[in-house]
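> Provided below for reference: sequence and predicted model.
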Amino acid sequence: MQIHFIAIGGSAMHNLALALHDKGYQITGSDDVIYEPSRTRLQEQGLLPKTFGWYPEKLNTGLDAVILGMHAKKDNPELLKAQELGLKIYSYPEFLYEQSKNKTRVVIGGSHGKTTITSMILHVLKYHGKKVDFMVGAQLDGFNRMVHLTEENDFIVLEGDEYLSSPIDKRPKFHLYKPNIALLSGIAWDHMNVFPTFENYLEQFKLFVDSIVNGGSITYNEEDKEVAAVVQSTENTIRKFPYHTPEYQIIDGQTYLETQEGPLPINVFGKHNLSNIAGAKWICQQMGIDEDDFYQAIGSFNGASKRLEKLGESKSSVLFKDFAHSPSKVAATTAAVKEQFPAKKLVGCLELHTYSSLNADFLSQYEQTLQAADVASVFYSPKSVAIKKLEELTATQIKDAFHREDLQVYTDPQQFKKFLYEQDVEDTVFLLMSSGDYGGLDLNAFLKHIGA
């Protein structure tokens, strides 16, 4: 097949392009800007566009399909040409479904935890030599790609994102996969720019559960009241498997999962990750991995990239970075780190970076999410607020929203850096939560500062 990618440089898009190239498809693509690591990875496979920009002449009737990325706009010249020629245009998730409609589709959904649970499942399957197709939203240890597609594998494991499919397809991605086996980890309002009310956001998860094929299954976190209500109210004829946080203990900074064979040391920590393990176990069992084999493999799982990732440590201090930005993730991550290191001072830092987090109407969702931190700070860029065309925020608004008087609020990257470097590093855990970079903070330099 000959396939053209409009906006090939995105994290998801370039991984799909590479996966199809591995499968023997003829791939071309365009983009107006491509950052690392996408640029080098495409270049190594001969897929990097010779020049950046949009070139309608790349589109012709010889193409079997065009895949449209979210980075493109509705008036993209290549998209307009594809529509003019009557070419078949797919969104990213739509094409993944086309590649997997004859397979058993395992879809992991939820406002939080879906990348980690998908990663856990893939780690266990790889450990036991069970080959599957997959798509996951993070780079995993031991995997060359975030997307892998074949003709022969029976299963495909898909991370089910609730965000929109493409500029011309406003359906959430996970509505298109039609799972045989599904999981729902949690529901907490996110993506306010697309789902302006919680009710509207909640509806997307109801539709996801209703999209599971007849006779399929939903594995769900029964401790999340919204998830439980959605699953219990569906009229879809599916099997329902609830899970909850398993018993565990922490001894000298090491988490042990309680199993029938006794305490199992694991490399991840926090109640949310223990819950993720319980969900992943249920899914793996439905894919042919028994409980003992699951535990044998999960002990060596080190976590997904950017998810509570330990960047380094010295004798007395540790630095973690986490992708957390939504309120539920911030609260869970902060609490998990404090629980793991109760004797150390926790410096919790959050960057407000997304549309929702920078929206004054959404800020109240962050109430008490940083309470577990001994020292707490929030950084945001007024420039980002302006770019997103939102109302200006004030430090008072943020302190009131977080319900914490001693919260340190910074808008200047240098002032935030000064705050960070002035902290006593003795017996301290630093937790940086963001999908951004705090205005260009050099993490390697900070690691040297703490002696890591």
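That came in fine, so what should we check first?
> what about residue 296, distance to residue 245?
21 Å (Cβ to Cβ, to the nearest Å). Every C-beta, even on glycine, is put in place using the N, C-alpha and C of the backbone.
> again with residue 306
Residue 306 is 23 Å from residue 245, by Cβ to Cβ.
> and the contacts of the helix or strand containing residue 312?
Assigned by DSSP states H and E, residue 312 belongs to strand 309-313. The contact list for strand 309-313 (Cβ atoms under 8 Å, 6 or more residues apart in numbering) reads 303, 318, 319, 320, 321, 322, 443, 447, 450, 452.
> quick check: what element follows it along the chain?
Going down the chain from strand 309-313, the next helix or strand is strand 317-322, by DSSP H and E.
> quick one: strands adjacent to that next one?
strand 309-313 (antiparallel), strand 428-433 (parallel) (DSSP bridges).
> what comes up buried for the shortest one?
To tie it back to what came earlier, the one meant is strand 309-313. Under the neighbour-count criterion of 16 or more other Cβ atoms under 10 Å, strand 309-313 has 309, 311, 312 buried.
> and those residues as a markdown table, adding distance to residue 256 and pLDDT?
Formatted as a markdown table, the buried residues of strand 309-313 follow (distance: Cβ to Cβ, whole Å; pLDDT from 0 to 100):
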| residue | distance to residue 256 | pLDDT |
| --- | --- | --- |
| 309 | 21 | 90 |
| 311 | 24 | 93 |
| 312 | 24 | 94 |
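> the helices in the stretch 301-450 of the chain, which residues?
Secondary structure of the stretch 301-450 of the chain (DSSP state H, counting those that start in this stretch): helices at 327-340, 382-387, 395-402, 413-421, 443-449.
> for the fourth one, buried residues please.
Taking 16+ other Cβ under 10 Å as the basis for neighbour counts, the residues of helix 413-421 that come out buried are 416, 417, 419, 420.
> restrict stretch 266-280 to CA atoms and write it as PDB.
Below are the C-alpha coordinates for stretch 266-280, written out as PDB (Å, rounded to 0.1, in the frame of the first residue of the first chain):
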ATOM      1  CA  ILE A 266       8.000  -4.100  42.900                       C
ATOM      2  CA  ASN A 267       9.800  -1.200  41.300                       C
ATOM      3  CA  VAL A 268       6.800   1.200  41.000                       C
ATOM      4  CA  PHE A 269       5.000   2.700  44.000                       C
ATOM      5  CA  GLY A 270       1.900   4.600  45.000                       C
ATOM      6  CA  LYS A 271      -1.800   3.400  45.400                       C
ATOM      7  CA  HIS A 272      -2.600   4.500  41.900                       C
ATOM      8  CA  ASN A 273       0.200   2.200  40.500                       C
ATOM      9  CA  LEU A 274      -0.900  -0.700  42.700                       C
ATOM     10  CA  SER A 275      -4.400  -0.200  41.300                       C
ATOM     11  CA  ASN A 276      -2.900  -0.100  37.800                       C
ATOM     12  CA  ILE A 277      -1.200  -3.500  38.500                       C
ATOM     13  CA  ALA A 278      -4.600  -5.000  39.500                       C
ATOM     14  CA  GLY A 279      -6.200  -3.900  36.300                       C
ATOM     15  CA  ALA A 280      -3.300  -5.000  34.200                       C
END
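> ok, residue 183 - contacts?
106, 107, 108, 109, 110, 117, 218, 219, 220, 279, 282, 283.
> can you pull the contacts of the last one?
Right, the one you point to is residue 283. 106, 108, 117, 121, 181, 183, 219.
> cool, and the first one?
With contact set as Cβ under 8 Å, 6+ apart, residue 106 has these partners: 121, 155-158, 179-183, 283, 286-287.
> one more: the second one?
Contacts for residue 107 (Cβ under 8 Å, 6+ apart) come out as 158, 159, 160, 174, 177, 179, 181, 182, 183.
> among the residues you listed, name the buried ones.
Here, 16+ other Cβ under 10 Å leaves 158, 159, 160, 174, 177, 179, 181, 182, 183 buried among those.
> quick one: buried residues of stretch 290-309?
293-298, 301, 303-309.
> for that stretch, measure first residue to last.
28 Å (Cα to Cα, to the nearest Å).
> chain center to that stretch, what's the gap?
17 Å (Cα atoms, centre = their mean, to the nearest Å).
> coming back round to it: now, among the contacts of strand 309-313, which is nearest to residue 354?
Taking Cβ to Cβ as the measure, residue 322 is the one of these closest to residue 354, at 14.2 Å.
> the helix or strand harbouring residue 204 - what's its average pLDDT?
Per DSSP H and E, residue 204 falls inside helix 198-210. Averaging the model's pLDDT scores along helix 198-210 yields 97.
> what does it rub up against?
109, 160, 162, 172, 174-175, 182, 184, 187, 189-191, 195, 218, 226-227, 230-231, 233-236, 238.
> just the buried ones from the residues you listed?
By 16+ other Cβ under 10 Å, these give 109, 160, 162, 172, 174-175, 182, 184, 187, 189-191, 195, 218, 226-227, 230-231, 234, 236, 238 as buried.
> bridging residues for residue 377?
Bridge pairing for residue 377 - DSSP bridges - gives residue 349, residue 408.
> could you number the chain from 47 rather than 1 from now on?
Understood, numbering begins at 47; the last thing we discussed is residue 423.
> circling back to that earlier point, counting only helices, which of the contacts of residue 153 make the cut?
Judged by DSSP state H, helices contain none of the contacts of residue 153.
> quickly note the distance from residue 284 to residue 348.
Taking Cβ to Cβ, one finds residue 284 at 33 Å from residue 348.
> meant to ask about residue 125
40 Å.
> out of everything not next to it in sequence, what's closest to residue 375?
Using Cβ to Cβ, 6 or more residues apart in numbering and skipping the chain neighbours, the partner closest in space to residue 375 is residue 158 (5.0 Å).
> could you dump the buried ones among the contacts of residue 153 to JSON lines with distance to residue 474 and pLDDT?
Below are the buried ones among the contacts of residue 153 laid out as JSON lines (distance: Cβ to Cβ, whole Å; pLDDT from 0 to 100):
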{"residue": "204", "distance to residue 474": "39", "pLDDT": "98"}
{"residue": "205", "distance to residue 474": "34", "pLDDT": "97"}
{"residue": "206", "distance to residue 474": "37", "pLDDT": "97"}
{"residue": "220", "distance to residue 474": "39", "pLDDT": "97"}
{"residue": "223", "distance to residue 474": "43", "pLDDT": "98"}
{"residue": "225", "distance to residue 474": "43", "pLDDT": "98"}
{"residue": "227", "distance to residue 474": "43", "pLDDT": "98"}
{"residue": "228", "distance to residue 474": "41", "pLDDT": "98"}
{"residue": "229", "distance to residue 474": "36", "pLDDT": "98"}
